[in-house]
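Enquirer: here's a sequence, model it:
(chains A and B)
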Protein chains: 2
Amino acid sequence: MNIKIRWGILGPGTIAHSFVEGLKFVKDAELVAVGSRDLTRAKDFAKKYQIPKAFGSYEELASCNEVDVIYIATPHGRHYEDMLLCLEYNKHILCEKSFTINAKQARKIFQLAREKRLFVMEAMWTRFQPAIFKVKELLARRTIGNLIMMAADLGFNFPFNAKHRLFNPHLGGGALLDLGVYPISLCQYFMGIPDELTTLAWIGQTNVDEICSMTFKYQNGRMANLFATLRSHTPSEAVFMGSEGILKLNAPIYRPTSITIQKPDGRQRFIEAELIGNGYNYQAEEVVRCLKTGRLESDIMPQEDTLSVMELMDSIRAQWGLRYPME
Amino acid sequence: MNIKIRWGILGPGTIAHSFVEGLKFVKDAELVAVGSRDLTRAKDFAKKYQIPKAFGSYEELASCNEVDVIYIATPHGRHYEDMLLCLEYNKHILCEKSFTINAKQARKIFQLAREKRLFVMEAMWTRFQPAIFKVKELLARRTIGNLIMMAADLGFNFPFNAKHRLFNPHLGGGALLDLGVYPISLCQYFMGIPDELTTLAWIGQTNVDEICSMTFKYQNGRMANLFATLRSHTPSEAVFMGSEGILKLNAPIYRPTSITIQKPDGRQRFIEAELIGNGYNYQAEEVVRCLKTGRLESDIMPQEDTLSVMELMDSIRAQWGLRYPME
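Expert: Numbering: from 1, shown residues only, chains lettered A, B, ... in the order given. Predicted structure coming up:
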């Protein structure tokens, strides 16, 4: 069988460009349509990537019969309504992270998708990259003994702009949902759901977290330290600490291509885990694989994991007392 | 004037050996006596380093008229009483860290020392090393722009042994006082006293913290992430994160000899800051300098800083509900 999965792009922003570049590496994927609230932007995007259809509204894209799955590339403040629209028109979905603003929204989406037997997956692209599989394998082989602690971070110094989505609470701004989701999702993947957490944030003048720091504690004697910031650069790496050494997932945490293992005696081992494509292709390959085999969710990025991450982010914000205006 | 400062060693344990090796590099310092509760140990130590006097009790050492300053190298659970003894006999003091078990003890020691006009300093040896001065200078020159965040850690996998001082609450065991004091003191030195802190610890079967994690928040929009553990190896480094880059104080955090600066565009700069001697000499040099100039405390490691660190550690333990049996 050589059926191609037909993709539509909802929201032709920066991330959509990267995704489409990645999609070029995916077998059995065909890019058939793009939708924007601005027809000119849609047409420009379609022209650049030779996409047959360009729509001036999300609804036209969602209702297009030639589209199987829609990649949602809007800011996370819009994901919930954009996903509802796609589900309404019976489209499968790959949705950018943060998946939604809160766990309540995520739960509704997954419930509706299950009822309609539609595939929905969070676009946590990092999780599908070779370096992450390599970390899983190395930890399982007890290369660093028992895993005891994990630390991970992500940060950039973004120029302050009250109207930019990163600083705008109406668009779910802040470091947590935009950057923190990477270390948190990585931690959830390798360590599971913590039994206890504590967090502090630096809340800026637009009432979003410009710096956030989280400590997770697990009943099995493990702990994790995570932080994210919009105000400074950070190492952007993840460190797994074990009884017999350290495993460093080298920067950048969202697209790692190498691992360094340090043993207590000073020995170091450098392991390359190069990407084919730009890294966005792996998650799209997973979507194609799932759709071609009739699966409604991915084993690697199951809906339960997305929900756990959203619940963690809800708990974190609850400790700060930060609610978004639309909640 | 060529007056030599005459040193006594109280407690000939592992750290005392390192200290004495360091003292060899210190001008105007003379090692005249060693005291142990075990005369044989004192004699063995004295023989190894050609020290004129060996005492079988701390009191004999403290009362020895030929000693000006005593280096206290016992476990921190003993520091308070050992310092009281030395002050009683009008001896100046360099005391290992953690300085005491809690801030209350530290306050009493400093008050008594002031009354008796005696010099007392915490042996936070790292603070006197060239790499730390270099970090101060680089941050002051705004090499990484505005300092926004700091992260630091220290950890080793110590085999569990309920009777070992590290795991023994009666000796002030746990990761915080033994290892956490390094990242906390470093953070206090560069970032000051936080306005808010949150922490979680993994408390083991002997009721001491085997893993501890701390987040500090400052009113000026800065934050810090620190952790320490007895259960796993950690990178053992400190990272200063700024608006225009990252400064990494390379491992090991307690005796750093190099700094790496990473700019957002990927440029890296490696700066060596080599030690003369084994690193323990710098703090001893400071003691000699202070005593020769009649100073009662160090500018670099003032008593207020030691007190701040002890108060922070009190607050951290209060959040865990951990009190030592002797408190």
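
Enquirer: report all helices and strands that the helix or strand hosting A:S185 contacts.
Expert: Mapping A:S185 onto the secondary structure by DSSP states H and E places it in helix A:181-191. With contacts defined as 3 or more C-beta pairs under 8 Å, 6 or more residues apart in numbering or on different chains; DSSP states H and E, helix A:181-191 has these neighbours: helix A:130-140, strand A:147-155, strand A:209-217, strand A:223-229, strand A:238-242, helix A:303-320. Yep, even glycine has a C-beta here, placed from its N, CA and C like the rest.

Enquirer: and A:G13, what does it touch?
Expert: Counting by C-beta atoms under 8 Å, 6 or more residues apart in numbering or on different chains, A:G13 makes contact with A:73-75.

Enquirer: now do 6 Å
Expert: A:A73 (C-beta atoms under 6 Å, 6 or more residues apart in numbering or on different chains).

Enquirer: following element in sequence after the helix holding A:S185, please.
Expert: strand A:196-203.

Enquirer: can you give me the distance of the residue lying farthest from the centre of chain A to chain B?
Expert: Here chain A reaches farthest from its C-alpha mean at A:D265, the gap being 36.2 Å by C-alpha atoms, centre = their mean. Counting by C-beta to the nearest C-beta, to the nearest Å, the separation of A:D265 from chain B is 10 Å.

Enquirer: one more: A:D195?
Expert: Relative to chain B, and taking C-beta to the nearest C-beta, A:D195 is found at 10 Å.

Enquirer: A:F216 now?
Expert: Counting by C-beta to the nearest C-beta, the gap from A:F216 to chain B is 8 Å.

Enquirer: quick check: that residue touching A:E196?
Expert: No. Here A:F216 does not reach A:E196: they are 7.5 Å apart, not a contact under C-beta atoms under 6 Å.

Enquirer: settle it for me: which of those two has more neighbours?
Expert: Neighbours were counted for A:F216 and for A:E196 using other C-beta atoms under 10 Å in any protein chain shown; A:F216 has more, 27 against 11.

Enquirer: and the residue farthest from the centre of chain A, which of the three is it?
Expert: coil (DSSP: H, G, I helix; E, B strand; the rest coil).

Enquirer: what about A:G294, how many neighbours?
Expert: 8.

Enquirer: tell me the SS of it?
Expert: coil.

Enquirer: do you know how far it is from A:R117?
Expert: Here A:G294 is placed at a distance of 9 Å from A:R117 (C-beta to C-beta, to the nearest Å).

Enquirer: residue contacts, the residue most central in space within chain A?
Expert: Geometric centre of chain A, nearest residue: A:M124, 2.9 Å, by C-alpha atoms, centre = their mean. A:M124 is in contact with A:97, A:185, A:301, counting by C-beta under 6 Å, 6+ apart.

Enquirer: now do 8 Å
Expert: A:97, A:181, A:185, A:283, A:301, A:306.

Enquirer: would a markdown table of those residues with pLDDT be doable?
Expert: Below are the contacts of A:M124 laid out as a markdown table (pLDDT from 0 to 100):
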| residue | pLDDT |
| --- | --- |
| A:K97 | 97 |
| A:V181 | 98 |
| A:S185 | 98 |
| A:Q283 | 98 |
| A:M301 | 98 |
| A:T306 | 98 |
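
Enquirer: which strands or helices does the strand or helix carrying A:L94 pack on?
Expert: Applying DSSP H and E as the criterion places A:L94 in strand A:92-95. Packing partners of strand A:92-95 (3+ C-beta pairs under 8 Å, 6+ apart): strand A:69-72, helix A:76-88, strand A:120-122, helix A:281-292.

Enquirer: in that strand, what's buried?
Expert: Under the neighbour-count criterion of 16 or more other C-beta atoms under 10 Å in any protein chain shown, strand A:92-95 has A:92-95 buried.

Enquirer: reformat those residues as a markdown table; add pLDDT.
Expert: Supplementary listing: the buried residues of strand A:92-95 in a markdown table, determined by pLDDT from 0 to 100:
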| residue | pLDDT |
| --- | --- |
| A:H92 | 98 |
| A:I93 | 98 |
| A:L94 | 98 |
| A:C95 | 98 |
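
Enquirer: A:G77 and A:R231, how far apart?
Expert: Remark: distance between A:G77 and A:R231 (C-beta to C-beta) = 21 Å.

Enquirer: model confidence for A:M1, exactly?
Expert: The per-residue pLDDT reported for A:M1 equals 51.

Enquirer: between the helix or strand hosting A:E115 and helix A:303-320, how many degrees?
Expert: Using DSSP H and E, A:E115 falls within helix A:103-116. Angle, helix A:103-116 to helix A:303-320, by axes from the mean of the first three to the mean of the last three C-alpha atoms, to 10 degrees: 160 degrees.

Enquirer: so what does helix A:103-116 touch, helix or strand wise?
Expert: By 3+ C-beta pairs under 8 Å, 6+ apart, helix A:103-116 packs against helix A:76-88, strand A:120-122, helix A:303-320.

Enquirer: hey, which of the ones you listed is tucked in deepest?
Expert: Of the helices and strands packed on helix A:103-116, the one with the most neighbours on average (mean count of other C-beta atoms under 10 Å in any protein chain shown) is strand A:120-122, at a mean of 27.

Enquirer: so for that strand, mean pLDDT?
Expert: Rounded mean pLDDT across strand A:120-122 is 98.

Enquirer: same check on stretch A:31-45?
Expert: 98.

Enquirer: can you tell me what sits against it?
Expert: Contacts with stretch A:31-45, where a contact means C-beta under 8 Å, 6+ apart, come from A:6-12, A:16-17, A:20, A:23, A:46, A:49, A:51-58, A:60-62, A:64, A:66-67.

Enquirer: what do you get if the cut-off is 6 Å, keeping everything else the same?
Expert: Residues outside stretch A:31-45 that contact it (C-beta under 6 Å, 6+ apart) are A:6-10, A:12, A:23, A:46, A:51-56, A:58, A:61, A:64, A:66-67.

Enquirer: now do the buried residues in that stretch.
Expert: So, applying 16+ other C-beta under 10 Å, buried residues of stretch A:31-45: A:31-36, A:41-43, A:45.

Enquirer: may I ask which two of those residues are separated the most?
Expert: Across those, the longest distance by C-beta to C-beta is 17.6 Å; it joins A:V32 and A:R41.

Enquirer: circling back: quick check: neighbours of the strand holding A:L94 in the sheet, parallel or antiparallel?
Expert: strand A:69-72 (parallel), strand A:120-122 (parallel) (DSSP bridges).

Enquirer: turn those into TSV, columns for distance to B:M313.
Expert: Below are the strands paired with strand A:92-95 laid out as TSV (distance: least, C-beta to C-beta, whole Å):
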stretch	distance to B:M313
strand A:69-72	48
strand A:120-122	40
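
Enquirer: nearest to A:L166 among these would be which one?
Expert: Closest approach to A:L166 among the strands paired with strand A:92-95 (C-beta to C-beta): strand A:69-72, 18.4 Å.

Enquirer: off-centre distance for the closest one?
Expert: The gap between where strand A:69-72 is centred and where its chain is centred comes out at 14 Å by C-alpha atoms, centre = their mean, to the nearest Å.

Enquirer: give the burial count for A:E272, as a bare number.
Expert: When neighbours are counted by other C-beta under 10 Å, A:E272 registers 11.

Enquirer: so what's it closest to, chain neighbours aside?
Expert: Spatial nearest neighbour of A:E272, excluding adjacent residues (C-beta to C-beta, 6 or more residues apart in numbering or on different chains): A:S258 at 5.2 Å.

Enquirer: burial count for the one you found?
Expert: Residues lying near A:S258 (other C-beta under 10 Å) number 15.

Enquirer: again, but for A:R117
Expert: Around A:R117 there are 10 residues (other C-beta under 10 Å).

Enquirer: can you give me the distance of it to chain B?
Expert: 42 Å.

Enquirer: can you pull the contacts of that residue?
Expert: The contact partners of A:R117, by C-beta under 6 Å, 6+ apart, come to none.

Enquirer: give me the pLDDT for the residue nearest to A:E244 when sequence neighbours are not counted.
Expert: Spatial nearest neighbour of A:E244, excluding adjacent residues (C-beta to C-beta, 6+ apart): A:G145 at 3.1 Å. Listed pLDDT for A:G145 reads 97.
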